[in-house]
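In: Predicted model follows, preceded by the sequence.
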Amino acid sequence: KGKIKESGSAAGNCYGGIAGKNSGRLFNCEVQEITCEVQGIYTATSTSTAKEKEELASHIGGIAGKNEETGSIVECRLAGSSNTISAGSGMAGGIAGYNNGRIELSGDSIVEQIMQEAQSAGGSPQKVENVQQLIELASGMKLKADSQYVQWNDNNPHLENFNYANRGSGISKNRTLTLTMSVNGNVGGITAYNSPKGSVDHCATGNWYVSNKSNAIGVGTGGIIGMNESENDLSFLLNQAFVGREIAKDDTNRFAGGIIGNQNNTTASGWKLDSCVNYGTVYCLRTHYSGGILGQWTGTGGTIENCHNYGNLQTTYQAGWVGAAAGIVAQLYHAYDNNEYNIISCKNFGNIYGRTGRNTNNCANDSAGILGNITAFKSSGGESAQHYTIQVLDCVNGPGVEIYSNSMASGIVGFFSSDNTGKIANDTGNIKL
C-alpha cells in the first residue's frame, strides 16, 4: 500500500510498487491500494530500436518499473479494490513497465484460480496445459465479456467518462486497477513493452481499465502487452481488462489489442503466441484498429494458435481504405518477404461494432472474425511485389457474431490492400493465402 508521486522524471528512471529495477527474483509479492503518479518521459519513435526504446523512456509498474534480463517476477499480484497507475509518458504496466526478463503466474489475484488446477491427494497445483482447460476454469470464476457496446457521447471528449449502452454504467467505474497514459508511451496490463529477450506466460489481468491517450503512432496499447518484440514463445495469457486507445482528433494508424497492441518483432521469425484468451472490450476513440488478440502485426512471421476472443471490438472513425477490426488480428502490416504468417485453430465470439453500436457509419473499413486487413508495400508489380504466405487454418467465427463495418465485413478474412490503393492488385499478387 502507499503512494508514489514524481513530477520531474528523466529517461531511464524506474518506479515500482516493490522495486524500481529488478535483477533478481520477486516471488509471491502482493501490492494493493497503490497510487502511482509519474510524469515520465518517452522520446522513442516507431523506428527506434529495442535498446533505444529502453533508454529513451521512464518505466513504471505495479510490481517493478523495469524487469532486467536476469530478473524474474513469479506469482506476484495486484490486489485490493482500488489501484491507480497514472503516467504522463513512458512505459506503464500493471506488473512491469519494461520487461527484459521473465514474468509468470502474475497479474490480478485471480491468476491462482484460473492458471493453476489443484491436484488430488494434496498434490501441488499444476499450471494449465491447454486453452480449453483455461476457458473452463475462467468460466468457473464467472469471467465473461461485456454484454453491451459503449454508448457514443458527443459531449464528452474523454473515454473514461463514457458509459455502456442500455446500462448507463461508466466503463471506467469500480475497476480494481486504473492504468492510464496521458501524453506519450506504451501501456500494457502486464507489461508495456516486452523486449526481444522478455517472456510472459500464465498471466491474467482483472477487472481493470487500461487506456492510452498518446497521439503518437508508434506506441502500443494491449490488455496484456502494449508492444511485443520478444523472440520467445508466449502462452496462456488471459485479459479481462477494458482496453482503450484514445486520440484527440480523428486519425488513422492507432491500434489496440486484447492481448498485444503491437506485435513488432524485427530480430527473429518463428515465434508463437499460444492459448491466449481475451474477454475485455477493445475500444478505439477517434481511430479504428481494434483486435481481439493483436491490434497490429508487423515485422517477422510467426504463429498465433489456439487463441480465443470473446470481447467486443469497437471503432469510432471512418476514412477511405483504412481501419480494421477483427477477432484475432486487426491488421497485418508490411509483412517481411519470404516469411510465413500463421493463424491456426483460433476462434472469435466477440461482436464488432461501430461508433454508435449496430451501425456501419464512422467505423473501420475492413472487419472480419479472424483477420481484418492485410496491407502490403507499394511496388511496381510483377516480381518486385512482396512474396509471403498467410495461413488461416482451422479457424472459427462463432455463431451469432455481429460484424458492422463501413466497407468490408467477412467471417474469416477481410481485405487485401496496399500503400498504393489505386493499384492494389500490383502489390498483392504474390501473396499466398
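Out: Yep, that arrived.
In: If you count residues, where's the longest helix of the protein?
Out: helix 131-140 (DSSP state H).
In: Check which residues of that helix are buried.
Out: Across helix 131-140, burial judged by 16 or more other C-beta atoms under 10 Å covers Val131, Leu134, Ile135, Leu137, Ala138. Glycine gets a C-beta too; all of them are placed from N, C-alpha and C.
In: Nearest to Gly291 among those residues?
Out: Val131 (17.7 Å; C-beta to C-beta).
In: So which elements touch the longest helix of the chain?
Out: Counting contacts by 3 or more C-beta pairs under 8 Å, 6 or more residues apart in numbering; DSSP states H and E, helix 131-140 is packed against helix 111-114, strand 234-239, strand 277-278.
In: Pipe those into a markdown table and attach mean neighbour count, mean pLDDT and distance to Lys249 per row.
Out: Formatted as a markdown table, these follow (neighbours: other C-beta atoms under 10 Å; pLDDT from 0 to 100; distance: least, C-beta to C-beta, whole Å):
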| stretch | mean neighbour count | mean pLDDT | distance to Lys249 |
| --- | --- | --- | --- |
| helix 111-114 | 20 | 95 | 38 |
| strand 234-239 | 28 | 98 | 28 |
| strand 277-278 | 30 | 98 | 28 |
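In: okay, the ones you listed in a markdown table with distance to Lys53 next?
Out: Shown next, in a markdown table, are those (distance: least, C-beta to C-beta, whole Å):
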| stretch | distance to Lys53 |
| --- | --- |
| helix 111-114 | 27 |
| strand 234-239 | 18 |
| strand 277-278 | 25 |
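In: for those, which one sits closest to Ala319?
Out: Nearest to Ala319, of the helices and strands packed on helix 131-140 and by C-beta to C-beta, is strand 277-278 at 25.8 Å.
In: Return the list of helices and strands in contact with that closest one.
Out: helix 131-140, strand 234-239, strand 308-309.
In: Mind listing the strands the last one pairs with, and their directions?
Out: Next to strand 308-309 in the sheet, as set by DSSP bridges, lie strand 277-278 (parallel), strand 347-348 (parallel).
In: Tell me which of those approaches Asn100 most closely.
Out: Comparing those by C-beta to C-beta, strand 277-278 comes nearest, at 24.9 Å.
In: quick one on the thing from earlier: between strand 234-239 and the longest helix of the chain, find me the angle.
Out: 20 degrees (axes from the mean of the first three to the mean of the last three C-alpha atoms, to 10 degrees).
In: rewinding a little: for Ala92, find the nearest of the helices and strands packed on helix 131-140.
Out: So among these, strand 234-239 is nearest, using C-beta to C-beta, at 16.0 Å.
In: Alpha carbons only: can I get the closest one in PDB?
Out: The C-alpha trace of strand 234-239 is given here as PDB (Å, rounded to 0.1, in the frame of the first residue of the first chain):
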ATOM      1  CA  LEU A 234       4.300 -16.700 -25.200                       C
ATOM      2  CA  SER A 235       1.400 -18.700 -23.900                       C
ATOM      3  CA  PHE A 236      -1.600 -18.800 -21.500                       C
ATOM      4  CA  LEU A 237      -2.300 -15.100 -21.300                       C
ATOM      5  CA  LEU A 238      -5.800 -14.000 -20.300                       C
ATOM      6  CA  ASN A 239      -7.200 -10.500 -20.400                       C
END
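In: Adjacent strands (with direction) for that strand?
Out: The pairing partners recorded for strand 234-239 under DSSP bridges are strand 199-204 (parallel), strand 271-274 (parallel), strand 277-278 (parallel).
In: Save these as a markdown table, and put in distance to Asn99 too.
Out: Listed next are the strands paired with strand 234-239 as a markdown table, based on distance: least, C-beta to C-beta, whole Å:
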| stretch | distance to Asn99 |
| --- | --- |
| strand 199-204 | 7 |
| strand 271-274 | 15 |
| strand 277-278 | 20 |
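In: which one of those is the most hemmed in?
Out: Each of those was scored by mean neighbour count; the highest is strand 277-278, a mean of 30, by mean count of other C-beta atoms under 10 Å.
In: hmm, who's touching the very next helix or strand once past that one?
Out: With elements assigned by DSSP states H and E, the helix or strand that comes after strand 277-278 is strand 282-285. Applying C-beta atoms under 8 Å, 6 or more residues apart in numbering, the contact partners of strand 282-285 are 150, 159, 162, 171, 223, 242-247, 254-258, 290-292, 295, 311-317.
In: Next step: the residues you listed restricted to helices.
Out: Under the assignment DSSP H, those contribute nothing to helices.
In: follow-up on the earlier one: so which of the helices and strands packed on helix 131-140 is nearest Ser199?
Out: Nearest of those (C-beta to C-beta): strand 234-239, 6.9 Å.
In: How far off centre is that closest one?
Out: Its chain's C-alpha centre lies 11 Å from the corresponding centre of strand 234-239 when counted by C-alpha atoms, centre = their mean, to the nearest Å.
In: In terms of helices and strands, where is Met425?
Out: To be clear, residue 425 is Ala; Met isn't right here. Going by DSSP H and E, Ala425 is part of helix 424-428.
In: Need the residues that contact that helix.
Out: Contacting residues not belonging to helix 424-428 are listed as 374, 376-382, 385-386, 416-420 [C-beta under 8 Å, 6+ apart].
In: Next, the buried residues of it.
Out: Ile424, Asn426, Asp427, Thr428.
In: hang on, the earlier thing: adding distance to Glu69, write the helices and strands packed on strand 277-278 out as a markdown table.
Out: Listed next are the helices and strands packed on strand 277-278 as a markdown table, based on distance: least, C-beta to C-beta, whole Å:
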| stretch | distance to Glu69 |
| --- | --- |
| helix 131-140 | 28 |
| strand 234-239 | 17 |
| strand 308-309 | 32 |
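In: Of the ones you listed, give the one that comes closest to Thr84.
Out: strand 234-239 (19.0 Å).
In: For the residue most central in space within the chain, give me its contacts.
Out: Centroid-nearest residue in the chain: Gly222, 2.3 Å away (criterion: C-alpha atoms, centre = their mean). The contact partners of Gly222, taken as C-beta under 8 Å, 6+ apart, are 187-189, 210, 228, 239, 243, 256-262, 295.
In: pLDDT below threshold where in the stretch 251-400 of the chain?
Out: For the stretch 251-400 of the chain, applying pLDDT under 70 flags no range at all.
In: Name the nearest residue to Asn83, ignoring sequence neighbours.
Out: Of all residues not flanking Asn83 in the chain, Leu177 sits nearest, at 4.5 Å (C-beta to C-beta, 6 or more residues apart in numbering).
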